[in-house]
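*Asks:* A structural model of the following input is requested.
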Amino acid sequence: MLKLNCDLGESYGAWSMGQDAQLMPLIDQANIACGMHASDPVTLLRTVKLAIEHGVEIGAHPGYPDKEGFGRRAMALTPDEVYALVLYQVAALDGVARSQGGQVGYVKPHGALYHAMMNDKLTRIAIMQAVADYPAPLNLVMLATADYQRFEQEAGQLGGAALTLRFEAFADRAYTDEGQLMPRGQSGAVHHELARVVAQAEQIAAHGKVTTHSGRSVKLPAQTLCVHGDTDAALAAVKAIRHMLVEHSAGV
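*Replies:* All right, here's what the predicted structure looks like:
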């Protein structure tokens, strides 16, 4: 069955983001902010404990050091800087998780770093190498596109440990005709209507496809489905999608 993942742990100090306590029991994988684009040590620890309590797989969600922009602004970092940035954040989250009896199982970059990974080979290889070099085995989550085999080939050519990729699709984001996510700055890039979010999730789960902004149908070889946790409709969407996934798995 398609796994359901959500970005969580993105509060910071007195600033509260998302509905983590309500969302966590409904998902399979929690992408937990590691302190750069959002979160703080207390939030990180609290979110890790919540994931362990509900048996949810813990994923590191590293981003650019940009709390003011919520990690959604591009930064001109060298590959060496990207490599170190990812390792630093993964190690922080994994250390906290292990202290509580859990561990990080995968890495999913956040925001602008995620888009840089998908669009810039040097950044992508730096992130892949950081994940492969981590002393515990980790998977890397990437956007499901028609180029997925090229990314698998790149991962297979890395030095060090073998790197397994997981490909994801988005229930609440609009897609271009090339199978990429529409930039957030464009109108209609984020789906806010519950019915539309659930319909796109069902299309991905049942048919491995998504309908683009222009009405084209694009195949997505996805293994996991993301719903962003920082929207007002997130909880209702996750509840409806979880119900749909269970019914789909049962053949209802």
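
*Asks:* how much space is there between residue 105 and residue 51?
*Replies:* In this view, residue 105 and residue 51 are 10 Å apart by Cβ to Cβ, to the nearest Å. C-betas here are computed from N, CA, C, even on glycine.

*Asks:* per-residue confidence at the most centrally placed residue in the chain?
*Replies:* By Cα atoms, centre = their mean, the mean C-alpha position of the chain lies nearest to residue 108, the distance being 4.7 Å. pLDDT, residue 108: 98.

*Asks:* same check, this time on residue 207
*Replies:* 92.

*Asks:* Let me see the backbone angles for it.
*Replies:* phi -130, psi -10 (degrees, to the nearest 10).

*Asks:* Any idea how many residues pack against it?
*Replies:* Using other Cβ atoms under 10 Å, the number of residues around residue 207 comes to 11.

*Asks:* how far away is the spatially closest residue to residue 239 that is not a sequence neighbour from residue 2?
*Replies:* Leaving aside its sequence neighbours, residue 239 sits nearest to residue 26 (Cβ to Cβ, 6 or more residues apart in numbering; 6.2 Å). Note on residue 26: its distance to residue 2, by Cβ to Cβ, is 14 Å.

*Asks:* who's more crowded, residue 105 and residue 51?
*Replies:* Set residue 105 next to residue 51 and count neighbours by other Cβ under 10 Å: residue 51 wins out with 24 against 17.

*Asks:* ok, now which ones touch the more buried one?
*Replies:* Contacts for residue 51 (Cβ atoms under 8 Å, 6 or more residues apart in numbering) come out as 8, 24, 30, 32, 57, 58, 102.
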